[in-house]
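Trainee: Structure for the following, please:
(4 chains)
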There are 2 protein chains.
Amino acid sequence: MKRPTIADVARRAGVSKGAVSYALNGQPGVSAATRQRILDIAAEMGFSPSSAARALSGASAEAVGLALCRPARTLGIEPFFMELISGVEAELAARSYALTLQVVTDPAAEIAVYRRWWGERRVDGVLVCDLRTDDRRVPVLEELGLPAVVIGGPAGTGRLASVWSDDAAALVETVEYLVALGHRRIARVGGLPDLLHTEIRTEAFDRACRRLGLADAVTVPSDYTGEEGARATRRLLSSAARPTAVIYDNDVMAIAGLSVAQEMGLAVPADLSIVAWDDSPLCQLVHPPLTALSRDIPAYGAHAARQLLAVIGGADPAGLQDETAHLTPRGSTAPPRSG
Amino acid sequence: MKRPTIADVARRAGVSKGAVSYALNGQPGVSAATRQRILDIAAEMGFSPSSAARALSGASAEAVGLALCRPARTLGIEPFFMELISGVEAELAARSYALTLQVVTDPAAEIAVYRRWWGERRVDGVLVCDLRTDDRRVPVLEELGLPAVVIGGPAGTGRLASVWSDDAAALVETVEYLVALGHRRIARVGGLPDLLHTEIRTEAFDRACRRLGLADAVTVPSDYTGEEGARATRRLLSSAARPTAVIYDNDVMAIAGLSVAQEMGLAVPADLSIVAWDDSPLCQLVHPPLTALSRDIPAYGAHAARQLLAVIGGADPAGLQDETAHLTPRGSTAPPRSG
DNA sequence: CTGAAAGCGCTTACAG
DNA sequence: CTGAAAGCGCTTACAG
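Mentor: Presented below is the predicted three-dimensional model:
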């Protein structure tokens, strides 16, 4: 089938190509009646303007990019990214923006992708995940002048816009809740140690435990996979003074931890309380259902997308604080058995 | 920062724009020495050809599209799609193709997306998931002449290329395995009934059960969510002659089913054997680990992408049979207690 | 092997 | 309000 062009529409409508362009883009320059007639004819012909031609004439690419730097197996199992993408998509689709996705294997490759996208004018802006300490992506994006919104922060985002959530506050709430239940030995299985939000959480955890007089507040680093979560849990539960509560940096590790506890003959929550960060439906699939730190991830993605569109539209890059994750108590937490 | 164009490179190299184009695209028309010099200069300037200009001059968009039609919550929780995307990506990235992703809410919207992408020349081809009976997307794509590869089949794909796996064979293997263990009352919690592969599985299940003389071979339809999987399981386990084994059409429902069984005081596998279709890492996170039908999903995606690139390149659309899922026995299956 | 030129399908000042 | 024209940055026949 041949694709109709603006010239075809112009011919059918008996006007110039310019007139069709004005009509389609809501610009002044055509009468209301003509505009309607052109729109009707365009719709009838199934005309969509070529995104390439449009992008080439100085208009935008009408696409934003998302590069995800995680090993493939982690990507698949963590509901977080797909939920984020759903939210981003919902916002973009409403404005007819496309989402260009690229999975990369390391930060250097991710930077190369940004440089290429920029050179190709393939995207109008990018969403940046998994902020690290001294993140090299930030100065590169600043230098390129490629509109960007960092999902994370608020520190370390340079002059880029950002959307972030107060992880420290959520962690403090969790520790206080566990202490109120009577727990004194609380441990944590953290995410990838390189990530800035892991650092923020670890520091908040240490500070909260110190303030509340908890001695053995240990964080075992991990990588978000169930495998590592299980290994870390085994280590913690085999130690001399085993913790009575463990906080996990994502739900997949928490589920793995639950399984390990049951395997070791520990009852959850009587012998061990478990809290999961990121409350995907997985948390309610297991038995007992997991107490979790809940957030609306699709909304988070939607906010990031909206902000990116604003920056692309010329708005000043700003930081936006999103909802703080809130504790949703379920069956996996209770006072420790021994009291 | 200003983006270098082909003219900038040509000027620096002291040649014409045409020469630069030939050099970059590996076309004859420049000497080896000149070509190398041009490539060096282009690399040094950080030049990437504008994808828009390239697409407009008749070359391809260098992008393929994937529209996913599932409710957001299902997308997030099912590892399948992210694993598929990882595999697709790996194949595309090697050829510098971009992946354009769009989440849609219903089949009509998905068709509209295809029409728009086609009109916009935004993608060179599309990957089609979740084939249905009398799928309306197939004739539309045929009519548009938009290169496409259906992930599913082999029936119902019309003249489109496809990549498929023999689900019927995998299901037969599973039923025979359960019967060999001594099970006589086997049930199944199926996926969305509208999907063609659900139909294929249901029919294979019925036929296998009939052949083996199993009377109560019931399939309860579901929607892949843990919620529905749990509900279906409760229904099955509350029935008069409750099954001693249940086959689930995905791993999320199987995990939910495991949880329900434990909640109802049934031991897995002694009182109930469980088999999950799709063997994501989730299956090994729970206790007992789930017997599952394993397949290499990223490879499946990679094969689909490779085939799409072939069709885009002018190859005749063909059907490719991928690996059949194979049963991986784990702790969730055993002979039934009563024998 | 190289250069000059047309053309892809739009957008957008610029005359009328 | 409308039409003719330039220009975006490439690719690709077409002469030299």
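Trainee: close to DNA strand C, is the helix or strand in which residue A:33 is found?
Mentor: Assigned by DSSP states H and E, residue A:33 belongs to helix A:32-45. No - Helix A:32-45 stays clear of DNA strand C (C-beta under 7 Å from any atom of the strand), getting no nearer than 9.6 Å. Any C-beta I mention is one placed from the backbone N, CA and C, and that applies to glycine too.
Trainee: check whether that helix contacts DNA strand D.
Mentor: Yes - against DNA strand D, helix A:32-45 shows contacts by C-beta under 7 Å from any atom of the strand at A:32, A:34.
Trainee: Give me the contact list for that helix.
Mentor: A:4, A:8-9, A:12-13, A:15, A:19-20, A:22-24, A:30 (C-beta atoms under 8 Å, 6 or more residues apart in numbering or on different chains).
Trainee: most neighbours, which of these?
Mentor: Neighbour count (other C-beta atoms under 10 Å in any protein chain shown) singles out residue A:20 as the most crowded of these, with 28 neighbours.
Trainee: Hmm, residue A:13 and it touching each other?
Mentor: Yes - between residue A:20 and residue A:13 a contact is recorded at 6.7 Å, counting by C-beta atoms under 8 Å.
Trainee: what's the neighbour count on residue A:256?
Mentor: The tally of other residues near residue A:256 (other C-beta under 10 Å) stands at 29.
Trainee: and the gap between it and residue A:224?
Mentor: Distance check for residue A:256 against residue A:224: by C-beta to C-beta, to the nearest Å, it reads 10 Å.
Trainee: For the residue most central in space within chain A, what is the enclosing helix or strand?
Mentor: For chain A, the residue lying nearest the average C-alpha position, counting by C-alpha atoms, centre = their mean, turns out to be residue A:84 (4.8 Å). Residue A:84 belongs to helix A:79-94 when elements are defined using DSSP H and E.
Trainee: what about the closest residue to residue A:306 other than its chain neighbours, how many neighbours?
Mentor: Closest residue to residue A:306 apart from its sequence neighbours, by C-beta to C-beta, 6 or more residues apart in numbering or on different chains: residue A:91 at 5.3 Å. When neighbours are defined as other C-beta under 10 Å, residue A:91 has 22 of them.
Trainee: tell me the pLDDT at residue A:91?
Mentor: pLDDT for residue A:91: 94.
Trainee: quick one: it and residue A:307 touch, right?
Mentor: No - contact criterion C-beta under 8 Å: residue A:91 and residue A:307 do not qualify, at 9.6 Å.
Trainee: in the stretch 201-339 of chain A, which ranges drop under the pLDDT threshold?
Mentor: Residues of the stretch 201-339 of chain A that meet the criterion pLDDT under 70 lie in A:338-339.
Trainee: Walking through it, point out its strands one by one.
Mentor: Ranges of strands in the stretch 201-339 of chain A, per DSSP state E, counting those that start in this stretch, are A:219-220, A:245-248, A:273-277, A:291-294, A:319-321, A:326-328.
Trainee: Check what contacts the fifth one and list those residues.
Mentor: Contacts with strand A:319-321, where a contact means C-beta under 8 Å, 6+ apart, come from A:153-154, A:157, A:161-166, A:303, A:307.
Trainee: Including distance to chain B, could the residues you listed go into JSON lines?
Mentor: JSON lines is the format used below for these (distance: C-beta to the nearest C-beta, whole Å):
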{"residue": "A:153", "distance to chain B": "23"}
{"residue": "A:154", "distance to chain B": "26"}
{"residue": "A:157", "distance to chain B": "19"}
{"residue": "A:161", "distance to chain B": "18"}
{"residue": "A:162", "distance to chain B": "21"}
{"residue": "A:163", "distance to chain B": "18"}
{"residue": "A:164", "distance to chain B": "21"}
{"residue": "A:165", "distance to chain B": "18"}
{"residue": "A:166", "distance to chain B": "23"}
{"residue": "A:303", "distance to chain B": "15"}
{"residue": "A:307", "distance to chain B": "19"}
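Trainee: what sits against the nearest residue to residue A:186 once chain neighbours are set aside?
Mentor: Distances taken as C-beta to C-beta, 6+ apart place residue A:245 nearest to residue A:186, at 4.7 Å, with adjacent residues excluded. Shown in contact with residue A:245 (C-beta under 8 Å, 6+ apart): A:178, A:181, A:183, A:185-187, A:272-275, A:333, A:336.
Trainee: and of those, the nearest to residue B:119?
Mentor: residue A:275 (49.8 Å; C-beta to C-beta).
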